[in-house]
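**Q** Sequence and predicted model, in that order:
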Amino acid sequence: MTTRVGVVVFPGSNCEQDVCEAVRQQGVQAEILWHGDSSLQQCDAIVIPGGFAYGDYLRPGAIARFSPVMGAVSQFAREGGPVVGICNGFQILTEAGLLPGALQKNRGLKFLCSEAQLRVESTNSVLTQQLDLGAVVSIPINHFEGNYTCDAQTLQQLQQEDRIVFRYVNNPNGSVDDIAGVCNEGRNVVGLMPHPERAISDLLGSSDGIAMFRSLVSSVMAG
Amino acid sequence: MKFSVQVEVRLRPGIADPQGSTIERAVPTLGFSDIKNVRVGKSIRFEIEANDEQSARSQVEDLCGRFLTNPVIEDAFVELELMP
């Protein structure tokens, strides 16, 4: 059976087609999942793409997490299914309690839209298992609330359990411990602020994102 | 009993507040040179029906912790007023 990756769309999501493209590039099927449906339609992996779900009203991710689809995503994640949140998707996963911490406004006063260098800090996650540990990859960032924060105890736990998957080489937004992406205890839920789906061709300036989608797809095949 | 509720959502100390810092940088141009530590929050108002004030307050606090604030970065300050 063909592998199917579900891409969740909320009102205000705007990166879903890029994610679908990145998924199809891996030779597997991409399925758009509407936020109002409570079924994941037998998808084997889920990506929550970037954008401004529900206009970022109240706080980024605060309202999206109550969508019917998120109940299904949470259950899928608890059963070990691979779930990746990119940018706004990362904010949604923290609000939903599937990942620890929160994303506060960038330390500077700017919305950031640029290329970022990330160091691969853990290859033990569904998004990074095909990457080289310690490698530096070039992936675009595009956010205002990307400044990762958590309490000291959570940070220590993330460090000790090897759950920081990416760090910025040059911290652009003030994130604690230069964190760009983290995973959950089961290593099947990953959130990151940078956009790997925008780095899938040299024509886009980088193709370093391809290996991340390859990791995600192979995590499905590995079961 | 019906209560009028005002929830003030404040960023916790140490959490970045670019709006507050931008306002703080702008005020001296109007001649206000002694204004410091500007922080911008949110105010949310609504009405709630409950049997008594304690029940209203505990419902509002539950709502704040689970929805109106993100406890990692924000605190809620709740005011209740009995409505006629």
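**A** Nice, I can see it. If you're wondering where the values come from, they're calculated on a predicted model, not measured in any experiment.
**Q** A:A72: which element?
**A** Element membership of A:A72, judged by DSSP states H and E, is helix A:68-78.
**Q** If we go by neighbour counts, what in that helix is buried?
**A** Buried residues in helix A:68-78, counted by 16 or more other CB atoms under 10 Å in any protein chain shown: A:69-70, A:72-74, A:76-77. Any C-beta I mention is one placed from the backbone N, CA and C, and that applies to glycine too.
**Q** With just CA atoms, put it into PDB.
**A** This file holds the C-alpha atoms of helix A:68-78, laid out as PDB (Å, rounded to 0.1, in the frame of the first residue of the first chain):
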ATOM      1  CA  PRO A  68     -11.700  18.400  15.600                       C
ATOM      2  CA  VAL A  69      -8.700  17.200  13.600                       C
ATOM      3  CA  MET A  70      -6.400  17.900  16.600                       C
ATOM      4  CA  GLY A  71      -8.100  15.300  18.800                       C
ATOM      5  CA  ALA A  72      -7.300  12.700  16.100                       C
ATOM      6  CA  VAL A  73      -3.700  14.100  15.800                       C
ATOM      7  CA  SER A  74      -3.200  13.800  19.500                       C
ATOM      8  CA  GLN A  75      -4.400  10.300  19.600                       C
ATOM      9  CA  PHE A  76      -2.300   9.300  16.600                       C
ATOM     10  CA  ALA A  77       0.800  10.900  18.300                       C
ATOM     11  CA  ARG A  78       0.100   9.100  21.600                       C
END
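**Q** pLDDT averaged over that helix - what is it?
**A** Mean pLDDT, computed over helix A:68-78, is 97.
**Q** Show me what it is packed against.
**A** Contacts defined by 3 or more CB pairs under 8 Å, 6 or more residues apart in numbering or on different chains; DSSP states H and E place helix A:68-78 against strand A:45-48, strand A:83-86.
**Q** After the helix-or-strand element of chain B with minimal mean pLDDT, heading C-terminal, what element do we hit next?
**A** Lowest by mean pLDDT, DSSP states H and E among the helices and strands of chain B is helix B:18-26, with a mean of 91. Of the helices and strands lying after helix B:18-26 in sequence (DSSP H and E), the nearest is strand B:42-49.
**Q** Give me the contacts around the helix holding A:A72.
**A** Outside helix A:68-78, the residues that touch it by CB atoms under 8 Å, 6 or more residues apart in numbering or on different chains are A:8, A:33-40, A:46, A:48, A:64, A:83, A:92, A:96, A:98, A:184, A:186, A:188-189.
**Q** Ignoring the adjacent residues along the chain, who's closest to the residue of chain B found nearest chain A?
**A** Residue of chain B nearest chain A, by CB to the nearest CB: B:V72 (3.8 Å). The spatial neighbour of B:V72 that comes closest, neighbours along the chain excluded (CB to CB, 6 or more residues apart in numbering or on different chains), is A:A102 at 3.8 Å.
**Q** Enumerate the beta-bridge partners assigned to that neighbour.
**A** Note on A:A102: beta-bridge partners by DSSP bridges are A:T149.
**Q** That one reaches B:T69, doesn't it?
**A** No - the criterion here is CB atoms under 8 Å, and A:A102 misses it with B:T69 at 10.5 Å.
**Q** Now find how far off-centre the helix holding A:A72 is within its chain.
**A** Here the centre of helix A:68-78 is set off from its chain's centre by 15 Å, with CA atoms, centre = their mean, to the nearest Å.
**Q** for chain B, what are the nearby residues on chain A?
**A** Chain A comes close to chain B at residues A:58-59, A:62, A:94-95, A:101-102, A:104-109, A:147, A:149-151, A:174, as judged by CB under 8 Å from any CB of the partner chain.
**Q** Pull the residues that contact the longest helix belonging to chain B.
**A** Longest helix in chain B, counting residues (DSSP state H): helix B:53-63. Contacts with helix B:53-63, where a contact means CB under 8 Å, 6+ apart, come from B:1, B:3, B:5, B:7, B:48, B:50, B:76, B:78, B:80, B:82.
**Q** ok, now with 6 Å
**A** Applying CB atoms under 6 Å, 6 or more residues apart in numbering or on different chains, the contact partners of helix B:53-63 are B:3, B:5, B:48, B:50, B:78, B:80.
**Q** just stretch A:203-222 next, same as before
**A** A:3, A:22, A:26, A:28, A:44-45, A:82, A:126-131, A:137-139, A:196, A:199-201.
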